[in-house]
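Asker: I would like to see how this sequence folds:
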Amino acid sequence: MSALPVNLHAPPPHPILPVPTPEEIDEMLSTTEGATAYTAWLNRHNELLRLAEDDPLYHGLELDCWKMADEQLADPELDIQVNFGWNRGGGKTFRAIKRLCEAARAYPASGTAGYLILGETEDSNKFVQMPVVWLFLKKHISHLNGKQGGRYRVNYKPGTGFTEGVMVIPSGPILDVDGSVVGFEGESTIWFDTYKGDPGKYEGREFGARLPTLHKTPTGKPVLMLKRRPDGSLIENVGAVVDESLTLNWFRMLARRAPFRHAKVIWAFTPIHGITAAVKEVVGSLRVETSAPAKLLPGVNVPDCPVGQMPVTGTCSWPRTKAVYFHISEQAFHGYHQTVVEMCRGRESEYVERIAYGYSRDSVSRQFGSFGPWNIIRKERLPLVGTDYMIVDPSETKPYFCLWVRVTPGERPDFFVWHDWPDAQSYGEWAVPTERETNEQNRRGWDGDQGPAQANVTLGFAGYKRVWSEIETVRGLVPGGIPDPDPKRRAMQVRLSGVKVFQRMEIAERIIDSRAGMRTSLENGGQTCPVFKFAEAHDDPVTGEPLGTINFRLADGTHIDLGLVRDLLEMRRDESGLIERPPRLYVTENCRQVIWALENYTGKSGETGASKDPIDCLRYMASADLCYIGPGILGSRGGGGY
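Answerer: Coordinates of the predicted model:
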C-alpha cells in the first residue's frame, strides 16, 4: 500500500479544455472526421466539468496565474508567499485555501500542531474562509459531519460555519493497488481565527506537518519529502493561510512559529485601500524579478520595472519571502473582468494599480524613495580593496547606534555599509512599524516605534570598546572553519591561518555626532564628555585586558541635510528599466536596522522618530568627506585605533 493522497491515474486537475471558436466548430462539423473529433472533445469537456464539480480539491478549475504562483511556492528557500492581485477575479483566497486543504488532507498534523486559516472578522470566517474549506473538503469529510465522538470532529452548517472554529479531519490517505482509500495515517486539525484575537495563544503550537527531509539546499534549508497531486505536481507543506488585512502582531507570530515544521505561509491580499503597516514590514522595497505589460496603464512607471509594466514576481525585504501579483485577466472567476475594467475607467493611476494589478505604492512620502533592492547586497559582493570607517550616534537614554562603512578608490568613491550595531540578529529591531493611527496632526509613529534594540543595554565606555573590538576582530581560519563572506576579512583569515592569532581590522577614522559626543557631565569635580572618556584607556570588563584609547573626529550634528545621502543613492535608468548609472551607496543584507530606516524614514516625527539614529549616522558618513586611503598614504586625522 502507498500513502498517496489520490489515485495518480485520475484525470488532470484542469477541467476546461481549450475551447474551439464558433468558426472552428463549424469547420469540424462539416466533415465526418471533424464531427467525430468534436464529439470526443465535447464528451471529455463534460467529463472534466463533472469531475470538477464532484471533487474540486483534486479536479477543480485552476487559473493560469496559479501555476506561476505554485512554481514560486515550490522554492525550498521560500517561507512566506504574499499573493497580491486584482480585485476578486484572480481567486487568491480560493487558491491559498485549496493549497492548505491539500496539505491538511495529505499530511497529518494534530495535537499541538495543525493548520491555521486567518480572516479579518468572524463574519469573514463564516461567509468566506469556512465555506471555501467546505467546498474543497466536502466530498472527503461530509460523511463525518455532525457525528459525535471518535477521533474526528466535523460540525459544519452554512451561515454558522465550523463549530468553535475548529475541525479535525482524517489525513494521509492509504491506498490499495486499485487506488481505493483503505485507511489513514492520522488526522489533521484546522483552526480558524481572526485578527481581532490574540496571537499569543498560538505560541505553544506549530503549523503544518513534520515531514522527512530528502536533503538540504546550499544554504541549509531542508528539501522535504512531499506527496503528489493527480497530475504529478508536489503538494507543498502549507501550514497557514492569512486573508486580506493581516496585522503585524499576527504576522510576527506566524513568522516565528511556521519555520519549526518548515511550513509555508500564504498571504492573499488585495490592497483596495492602499498600503498597510504589515505590507511595509513584509514587502519593504520589492526586488522585481519579472514584470508584464499593464494594458490599463500603458505609461505606468513603477520602480524596478520597464515603463508600461507592472510587477509579476519579486523578492520582499522580509527574509525568505516573495510576492506574486495576479494581473487583471479575461480568465477570471464569475466574469469579473469587465466589472473591474469599468471600476477602473477614468480613475487615478494609483487606484488602477491597486484594483487591477494588486500593487500599492507607499502613500507616506519617504525621504529616500530611490533606495531599493539594488542597494542591498550580499557580503560576498563587498569590495576587497577599500578603507573602513566607523560612525557613531551616541545617546544618553538608549544604546549608541553605530555603523561601519567601506569606501572604495576613485574620484567618485562608492560607500558600502557592512555592519550596524545594535544589530537586529542579536538585539531585535531598532525600529518597528507603528500600529497606531498616524496623520498630519498626530505624527508619532511616522518613522516607526522603538524596537527592542533601543532598550538600554547598560554598557559603559569599556563595554562599548569591547563590543566594537569583537566586531572588528578577525581570527585565523581553522581547519573545517567557515570563511568570512567579506572578501577583505576572508583575506585576513587566510593570512592568519595555521597560527592561533587574531587581528583587528584597520579603521581609518571614527566619527561621532558633535552635539552628543561633546555633551558635558561632571566627574570628580571636573567636566568630561563621551569623546574625552573614549580617549582614556580602559580594561576589558570581561577579560581584564587593556583596551586602549579611541579617538573620534566630530561630525557636524547641527545642520540636518539629507541631500548628501540622496546624492549617494541617485542613479539613472534607461527606457527599458536597466540601470545606466548605478548608485554609490550599498548596504549588506545583514544590516537590517539601516535597511529598515532607509525604507521607512519620513522625517515627519522629528527628533522623536524611532528610525532617526541610523539616518543620522548616514548623514555624518555622507558629510565627512570620506575617501580611500591607499597603502603608504598619510590620511588619518586623529587616529581610529585602540
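Asker: longest helix of the protein?
Answerer: Counting by DSSP state H, the longest helix found in the chain is helix 32-54.
Asker: packing partners for that helix?
Answerer: Packing contacts for helix 32-54, counted by 3 or more C-beta pairs under 8 Å, 6 or more residues apart in numbering; DSSP states H and E, involve helix 22-29, helix 56-59. Glycine gets a C-beta too; all of them are placed from N, C-alpha and C.
Asker: hmm, try it at 7 Å
Answerer: In terms of contacts (3 or more C-beta pairs under 7 Å, 6 or more residues apart in numbering; DSSP states H and E), helix 32-54 is packed against helix 22-29.
Asker: report the buried residues of the helix it packs on.
Answerer: residue 28 (16 or more other C-beta atoms under 10 Å).
Asker: quick one: it to chain centroid distance?
Answerer: Offset of helix 22-29 from its chain centre (C-alpha atoms, centre = their mean, to the nearest Å): 50 Å.
Asker: from the rest of the structure, what touches that helix?
Answerer: Outside helix 22-29, the residues that touch it by C-beta atoms under 7 Å, 6 or more residues apart in numbering are 20, 34-35, 37-38.
Asker: which among those gets closest to residue 176?
Answerer: For the contacts of helix 22-29, the minimum distance to residue 176 (C-beta to C-beta) is 36.6 Å, reached by residue 37.
Asker: chain center to stretch 448-456, what's the gap?
Answerer: Relative to its parent chain, stretch 448-456 has a centroid offset of 21 Å by C-alpha atoms, centre = their mean.
Asker: pLDDT weak spots in the chain?
Answerer: For the chain, applying pLDDT under 70 flags the ranges 1-19, 334, 362-365, 435-445, 517, 519-526, 557-560, 575-577, 632-642.
Asker: tell me how it divides into domains.
Answerer: Using automatic domain parsing, the domains assigned to the chain come out as 22-55, 66-357, 374-463+506-623.
Asker: of all the ones you listed, which one comes closest to residue 629?
Answerer: With distances scored as C-beta to C-beta, the stretch of those nearest to residue 629 is domain 374-463+506-623 (4.7 Å).
Asker: any idea how far apart the tips of the closest one sit?
Answerer: For domain 374-463+506-623, the first and last residues are 23 Å from each other (C-alpha to C-alpha, to the nearest Å).
Asker: one more: stretch 375-390?
Answerer: One end of stretch 375-390 sits 20 Å from the other (C-alpha to C-alpha).
Asker: run through who's touching it.
Answerer: Stretch 375-390 has contacts (C-beta under 7 Å, 6+ apart) with 402, 404-409, 416, 418, 485-488, 491, 505-511, 569, 583, 585-590, 595, 626, 628-629, 640.
Asker: three-state assignment of residue 510?
Answerer: Of the three states, residue 510 takes strand according to DSSP: H, G, I helix; E, B strand; the rest coil.
Asker: residues near it, how many?
Answerer: A total of 21 residues lie near residue 510 under the criterion other C-beta atoms under 10 Å.
Asker: I'd assumed residue 552 was in contact with it.
Answerer: Yes. Counting by C-beta atoms under 7 Å, residue 552 is a contact partner of residue 510 at 5.1 Å.
Asker: quick revisit: show the buried residues in the contacts of stretch 375-390.
Answerer: When burial is judged by neighbour count using 16+ other C-beta under 10 Å, the buried members of those are 402, 404-408, 416, 418, 486-488, 505, 507-511, 569, 583, 585-588, 590, 595, 626, 628-629, 640.
Asker: in helices, which of those appear?
Answerer: Among the buried ones among the contacts of stretch 375-390, the members falling in helices (DSSP H) are 487-488, 569, 595.
Asker: looking at the residues you listed, spot the one nearest residue 230.
Answerer: Nearest to residue 230 among these, counting by C-beta to C-beta, is residue 595 at 43.3 Å.
Asker: ignoring the adjacent residues along the chain, who's closest to the closest one?
Answerer: residue 587 (5.6 Å; C-beta to C-beta, 6 or more residues apart in numbering).
Asker: surely that neighbour and residue 417 touch.
Answerer: Yes. With contacts counted by C-beta under 7 Å, residue 587 reaches residue 417, the gap being 4.6 Å.
Asker: name the member of the contacts of helix 22-29 with the most neighbours.
Answerer: The most crowded member of the contacts of helix 22-29, judged by other C-beta under 10 Å, is residue 38 (17 neighbours).
Asker: got a list of what the residue nearest to residue 595 touches?
Answerer: Neighbours of residue 587 in contact, by C-beta under 7 Å, 6+ apart: 375-376, 417, 594-595.
Asker: measure it to residue 569 for me?
Answerer: To residue 569, residue 587 is 10 Å away according to C-beta to C-beta, to the nearest Å.
Asker: same question, residue 170
Answerer: Distance from residue 170 to residue 569, by C-beta to C-beta: 56 Å.
Asker: if we can go back for a sec, distance to residue 214 for the contacts of helix 22-29 - can I get that in TSV?
Answerer: Output for the contacts of helix 22-29, formatted as TSV (distance: C-beta to C-beta, whole Å):
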residue	distance to residue 214
20	43
34	49
35	50
37	43
38	46
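Asker: determine which two of those residues are furthest apart.
Answerer: Every pair of those checked by C-beta to C-beta; the farthest is 20 and 35, at 12.5 Å.
Asker: longest strand of the protein?
Answerer: strand 181-194 (DSSP state E).
Asker: start to end distance for stretch 371-390?
Answerer: Using C-alpha to C-alpha, one end of stretch 371-390 lies 22 Å from the other.
Asker: number of residues surrounding residue 241?
Answerer: By other C-beta under 10 Å, the residues close to residue 241 number 29.
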